[in-house]
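Colleague: output the structure for:
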Amino acid sequence: MMSQQEFHGLLESLTGRIAGRPLDAELQAWLNSEYGSGTEGYAKLKQACVDGVAQGWLCEREGGGIRYGRVFKAEDALQRFSVDVVDMQDIAGPHHRHPDGEIDLIMPLEGEATFDGHAAGWCVYGPDSAHYPTVAQGRALVLYLLPEGKIEFTKNPPPRAAA
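Modeller: Now for the predicted structure:
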């Protein structure tokens, strides 16, 4: 079982490699090449998240059918990224905006789960993007890296249920 401190170390290594890069399609492609599904880095991050949920230090809150939690606030050791993990199954979460962008790691747990249409791996949203985070076709853990921890929840009406 991986500890929270060991998880922090994995994330320090990752964020050190992406610090200062634009949050765009090029970063998404690089992450999927270097840390994508099927790589050792992906396997370690997924196992750390599964362990964290089992130990109770990840996804310790629940609301609206979604388990969630911020495990690390933005800090220098993580290159000013905050780290959140959610556990979602066939559901759309609350609409929100990413002032500085968002980097997501999709880790299916049951079925052929997708996150916003993306299968296992990475999805990068650029600055000023917004969405209803949606897991469909199963259950997944999703790790979010937010520059400076910035996220703005909006009051947009909810979408239809995830299919």
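Colleague: tell me which element the nearest residue to residue 49 once chain neighbours are set aside falls in.
Modeller: Using C-beta to C-beta, 6 or more residues apart in numbering and skipping the chain neighbours, the partner closest in space to residue 49 is residue 141 (4.9 Å). Any C-beta I mention is one placed from the backbone N, CA and C, and that applies to glycine too. Here residue 141, judged by DSSP states H and E, is contained in strand 134-147.
Colleague: tell me, what residue is most central in this protein?
Modeller: Closest to where the C-alpha atoms of the chain average out (C-alpha atoms, centre = their mean) is residue 143, at 2.2 Å.
Colleague: picking that back up, the residue nearest to residue 49 reaches residue 107, doesn't it?
Modeller: Yes. Counting by C-beta atoms under 8 Å, residue 141 touches residue 107, with 4.4 Å between them.
Colleague: quick revisit: what about the residue nearest to residue 49, distance to residue 156?
Modeller: Using C-beta to C-beta, to the nearest Å, one gets 25 Å for the distance from residue 141 to residue 156.
Colleague: the closest residue to residue 87 other than its chain neighbours: neighbour count?
Modeller: Leaving aside its sequence neighbours, residue 87 sits nearest to residue 67 (C-beta to C-beta, 6+ apart; 4.0 Å). Using other C-beta atoms under 10 Å, the number of residues around residue 67 comes to 17.
Colleague: point out where the chain drops to low pLDDT.
Modeller: 157-163 (pLDDT under 70).
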